[in-house]
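>>> Okay, here's the prediction I keep looking at, along with the sequence it came from:
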Amino acid sequence: MSSADLPLHASVEVPPAISWTDRLHGWVATVDHKRLGVLYVASGLVFLLVGGSQASMMRMQLFYAGNDLLSPEVFNRFFTVHGTSMVFFVGMPLVIGIANYLLPLMIGARDMAFPRLNAWGFWMFLFGALLFYFSYVGADGLYGAGTAPDVGWFAYSPLTGKAFSRGNSTDYWVLGILVAGFGSISAAINMIATTLTMRCRGMTLGRMPLFVWMMLVVSWLILVAMGPLTAAQVMLLFDRFLGAHFFDTQAGGDAVLWQHFFWFFGHPEVYILIIPGFAYASEIIPVFSRKVIFGYPVMVAATCAIGLLSLGVWAHHMFVVGLGKGVTSWFVVATMLVGVPTGIKIFNWIGTIYGGKLHFRVPMLFCTAFLFQFLIAGLTGIMLAAAPFDWQLSDSYFVVAHFHYVLIGGLVFTIFAAIYYWFPKVTGRMLSERLGRWHFWLFVVGFQLTFTTMHAQGLLGMPRRIYTYSADRNWEIWNQITTTGVLFQALGIAVFVCAIFHALRRGEPAGDDPWNAWTLEWSTSSPPPEYNFAEEPEVKSRRPLWDLKHPDDPDWRHE
Amino acid sequence: MNEEQRHEATETPAQNPGQGIRLPAPTATPMLFALGLSMVFAGLVTHWLVSSVGALIAMAGAYGWWRQVLPHEQHVRVPLQDPEKRALPVEARVGAVDHLQLGEGGHRVRLPADMHPYTSGFRGGAAGAVAMALVAMTYGGLFQGSIWFPVNLLASLLVAPPAAGEAALRAFDVANLGIGLFIHASLSLLVGLVYAALLPMLPGRVALWGGVVAPCLWSAVAWTSLEVLSPEMAQHVQWGWFVVSQIAFGLAAGVVIERAERSQTMQTWPLALRAGLEAGGGEDA
């Protein structure tokens, strides 16, 4: 393939950007995977603050029985926008962004396979998110006022039908996610192509970092799962705009069909979000245990098994629909089977820690908390997989506790671990260890106060999504503990924000390899140059930097 | 990726001295294309003009993107970093590797290289059962006026308690004796077997684990669950004596098991021997 260099830039140094307009143009026009990764992560963190604020408001509303801080309508919008934001505009950009930054560095490549598609994917995500939030001012509500979607993050039919969802707030929900979804699909294609075709010399599939393996599985899952959601959303648009009746039961349509479509996406989506958390833990735990990961091939196999099994468990979200004995039994067994490879992973992380020389720096603290919390999340998941148990607790706060244990106790904790771990590589500055510890302890205490108590609320019969409750239900004390936990979490996030700004302005220089780590990204400078590596690396084992640091006992002798 | 693309992607400064490294040229066209497409969708919920303008922007973005890659892909040459900013070579740290060895001091993996035979577990369980029964019957004789009291109480785990109340608990009942013996013997033998498997893997004094820690744990489990399993038994159990009987079991079983001759496990054998293969050199290893 021939190529042409732009004459303007050929053979001369690119002049450094000085003015803010130049800088802005640099970010808007960038096709560099690292800058796009930073854009994804920064956007995700901003939406995290927005979604977190909505959650905080909901918790304040529930602090007292019979409270009237928020109206029922506003409460409905908040839980819809909060859930949608956290899944599509926080979780997805954070995991895609971190992968965008690290994946080429880890495999010794200079960029993603399709750099321009990479940029397009980011902008589709961002414009999708902005379109969704524009509903607050642009959507027609029932009374002609601006309003946000209020149909819940999984937008069940027939609630989304024209008869029950007047105005066009639901259309904003559909269109925002649809547009952002194209970005996710393009990112998945890019990651698969990059991983399969751009690995450096010597990096066989069996020598790829576990991070790369897991993002490869996640990318396949995105490709398989996003399609049905997109199709269902187009069908819903046909229902709403063109008078089709796909989900209109009164006209021969099927409301349960929406649930099947949504959860065929929705359950793999949980794994799309949590497997990257596994990926960060699998890179961080060995480094801070000073040991090689325990059972690399089994970890890869378990990841692939989780990916496959996750495609066959969606209807466990629908037990209360009344699926019939055969179908229910199938999904009970399939869901419980996911516990096997997931359990293998937990054992392998513990096996890695076991007997290691542990360094409890901030990334390792977050990973350790993740291990405990994700174990509980998995166990409550197994409980909910038992259909009779689920019939009792479906749509209760027990379910809310379970999935927040997965997505915050699992994903958010590992994302924080990842940020503390790779921030020095991205910026060349260390995040403060002291502030990091404050962040960790405030957040872990807040998390436990908030979400452990939610199990109790669920067992006491409190349904999710209610905007208030009467005092005689004895739920008030549990709700007050829950809301108090949110305060701790908010303080933790505030410390985290301070730590970031502090590090950017006055952080200690990180050097190339501050953690004495082993994967390729630590062999280049911090931050890495635009081209990542001046010379293409060559690897002989899964830990190329270990081989260089220990020529007397390189890994390739043992693999 | 074909060979030429691979060459472009991995081109080194040495191959292009003074020209830097070739990377994809920055372009805002993907952003324009994304903006236009988003506006096309946004027009569905705002105004058709938004979609129209969006379509124009999308076309402009798509055309610009097209021109970025066809007929020739646009690149820029990025100069190498200043030497002081470049990554330092990775330094070798010869001799800094610790190898974990099985059984090495400080190594936390505790795989039993030898262990008690399973039969010692059964013998220990039987000895513990006798010791526990002696303590229980002593309690019955001294404080309940009948050595059959603990037997009948134990039987109430499986059969309904006698309607006659405490008087019946003190009377001899052959059926209850059979049921009580069955429960006592089967549980004692199983616990003895668990002791035989676990004790070699526990650090420190066997007497402490087998004679104190395990009986106390078991007593705690029984105390918290007996109300559910057998309300009758929970009502009549005297917990101080219960703990003493558990300790008697633990000590007796522990002593018998500990005195048994240990046999070597396969943990230190090479894989070939463990798998029963005829592998050359296996025994030497």
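Right, received. Where do you want to start? Numbers count the residues shown, from 1 in each chain, chains lettered A, B, ... in the order given.

>>> how far away is residue B:226 from residue B:154?
With distances taken as Cβ to Cβ, to the nearest Å, residue B:226 is found 11 Å from residue B:154. From N, CA and C alone the C-beta is placed, and that goes for glycine too.

>>> Of these two, which one has the most company?
Per other Cβ atoms under 10 Å in any protein chain shown, whichever of residue B:226 and residue B:154 has more neighbours is residue B:154, with 22 against 18.

>>> Chain B versus residue A:297, what's the distance?
Residue A:297 sits at a distance of 16 Å from chain B (criterion: Cβ to the nearest Cβ, to the nearest Å).

>>> Check which helices and strands the helix or strand encompassing that residue sits against.
In the assignment (DSSP states H and E), residue A:297 maps to helix A:296-309. Using 3 or more Cβ pairs under 8 Å, 6 or more residues apart in numbering or on different chains; DSSP states H and E as the contact test, the elements touching helix A:296-309 are helix A:210-242, helix A:255-289, helix A:325-353.

>>> C-alpha coordinates for stretch A:148-160, CSV please?
The C-alpha coordinates for stretch A:148-160 follow below in CSV (Å, rounded to 0.1, in the frame of the first residue of the first chain):
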residue,chain,number,x,y,z
ALA,A,148,-35.8,13.7,30.5
PRO,A,149,-36.6,10.1,29.8
ASP,A,150,-38.5,8.4,32.7
VAL,A,151,-39.0,4.9,31.6
GLY,A,152,-36.2,3.2,33.5
TRP,A,153,-32.8,2.2,32.0
PHE,A,154,-34.3,-0.9,30.4
ALA,A,155,-37.3,0.9,29.1
TYR,A,156,-39.8,-2.0,29.2
SER,A,157,-42.8,-2.1,26.8
PRO,A,158,-45.6,-1.2,26.9
LEU,A,159,-44.4,1.7,29.1
THR,A,160,-42.4,3.0,26.1
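
>>> Which residues belonging to it are considered buried?
By neighbour count on 16 or more other Cβ atoms under 10 Å in any protein chain shown, the buried set for stretch A:148-160 is A:148-155, A:157-160.

>>> got the residues of the stretch 201-350 of chain A near chain B?
Within the stretch 201-350 of chain A, the positions near chain B by Cβ under 8 Å from any Cβ of the partner chain are A:237, A:241.

>>> How about the stretch 201-350 of chain A: which residue is closest to chain B?
Using Cβ to the nearest Cβ, the closest approach of the stretch 201-350 of chain A to chain B is made by residue A:241 at 7.0 Å.

>>> mind checking pLDDT for that residue?
We have a pLDDT of 92 for residue A:241.

>>> neighbours of the nearest residue to it once chain neighbours are set aside, just the number please.
Spatial nearest neighbour of residue A:241, excluding adjacent residues (Cβ to Cβ, 6 or more residues apart in numbering or on different chains): residue B:44 at 7.0 Å. Neighbour count for residue B:44, taken as other Cβ under 10 Å: 18.

>>> Tell me who's in contact with residue B:44.
By Cβ atoms under 8 Å, 6 or more residues apart in numbering or on different chains, the residues touching residue B:44 are A:171, A:175, A:237, A:241, B:51.

>>> closest to residue A:214 among these?
residue A:175 (30.9 Å; Cβ to Cβ).

>>> residues contacting that closest one?
Contacts of residue A:175 (Cβ under 8 Å, 6+ apart): A:128, A:131-132, A:237, B:41-42, B:44-45.

>>> Now, those residues that are in helices?
Judged by DSSP state H, helices contain the following of these: A:128, A:131-132, A:237, B:41-42.

>>> Using JSON lines, lay out those residues together with neighbour count.
Formatted as JSON lines, the ones in helices among the contacts of residue A:175 follow (neighbours: other Cβ atoms under 10 Å in any protein chain shown):
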{"residue": "A:128", "neighbour count": "26"}
{"residue": "A:131", "neighbour count": "23"}
{"residue": "A:132", "neighbour count": "26"}
{"residue": "A:237", "neighbour count": "18"}
{"residue": "B:41", "neighbour count": "24"}
{"residue": "B:42", "neighbour count": "22"}
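
>>> For stretch A:29-36, give me every contacting residue.
Outside stretch A:29-36, the residues touching it (Cβ under 8 Å, 6+ apart) are A:26-27, A:39, A:97, A:100-101, A:103-105, A:111-112, A:115-116, A:118-119, A:122, A:426, A:527-528, A:530, A:532, B:23-28, B:30-31.

>>> What number of residues are in the vicinity of the closest residue to residue B:130 other than its chain neighbours?
Excluding its sequence neighbours, the residue lying closest to residue B:130 (Cβ to Cβ, 6+ apart) is residue B:252, at 7.1 Å. Residues lying near residue B:252 (other Cβ under 10 Å) number 24.

>>> Any regions of chain B where pLDDT drops low?
Within chain B, the stretches with pLDDT under 70 are B:1-19, B:94-96, B:98-112, B:160-164, B:204, B:267-268, B:270-271, B:277-285.

>>> Kindly state the domain boundaries assigned to it.
Following automatic domain parsing, one finds the domains of chain B at B:19-79, B:114-264.

>>> how about CSV for those domains, with distance to residue A:59 added?
Formatted as CSV, the domains of chain B follow (distance: least, Cβ to Cβ, whole Å):
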stretch, distance to residue A:59
domain B:19-79, 31
domain B:114-264, 34
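
>>> Which of the ones you listed sits closest to residue A:374?
Taking Cβ to Cβ, domain B:114-264 is the member of the domains of chain B nearest to residue A:374, at 27.1 Å.

>>> now the closest one, how far from the chain's geometric center?
Averaged C-alpha coordinates place domain B:114-264 at 29 Å from its chain's average position (Cα atoms, centre = their mean, to the nearest Å).

>>> who touches residue 195 in this structure?
Chain wasn't specified; assuming chain A. Taking Cβ under 8 Å, 6+ apart as the criterion, residue A:195 is in contact with A:103, A:107, A:208, A:212, A:215-216, A:219.

>>> if you could check chain B rather than the one you did, that'd help
Contacts of residue B:195 (Cβ under 8 Å, 6+ apart): B:121, B:124-125, B:210, B:214, B:250, B:253-254, B:257.

>>> could you say what helices and strands the one helix or strand residue B:137 maps to packs with?
Using DSSP H and E, residue B:137 falls within helix B:118-139. Under the contact criterion of 3+ Cβ pairs under 8 Å, 6+ apart, helix B:118-139 touches helix B:149-155, helix B:174-198, helix B:239-259.

>>> Out of these, which one sits most buried?
Comparing the helices and strands packed on helix B:118-139 by mean neighbour count (mean count of other Cβ atoms under 10 Å in any protein chain shown), helix B:149-155 ranks first with a mean of 25.

>>> Packing partners of that one?
Packing partners of helix B:149-155 (3+ Cβ pairs under 8 Å, 6+ apart): helix B:118-139, helix B:166-170, helix B:174-198, helix B:231-236.

>>> Quick check: chain neighbours aside, which residue is closest to residue A:265?
residue A:229 (3.7 Å).

>>> Check residue A:124 too.
Among residues not flanking residue A:124 along the chain, residue A:183 sits closest, at 3.5 Å (Cβ to Cβ, 6+ apart).

>>> ok, the one you found touching residue A:118?
No: between residue A:183 and residue A:118 there is no contact, the gap being 9.9 Å when judged by Cβ atoms under 8 Å.

>>> Of the contacts of residue A:195 - the most surrounded one?
For those, neighbours were counted using other Cβ under 10 Å, and residue A:215 has the most, 29 neighbours in all.

>>> and the nearest residue to that residue once chain neighbours are set aside, what is it in contact with?
Distance criterion Cβ to Cβ, 6+ apart; nearest residue to residue A:215, sequence neighbours excluded, is residue A:99 at 4.6 Å. By Cβ under 8 Å, 6+ apart, the residues touching residue A:99 are A:37, A:187, A:191, A:211, A:215, A:218, A:276.
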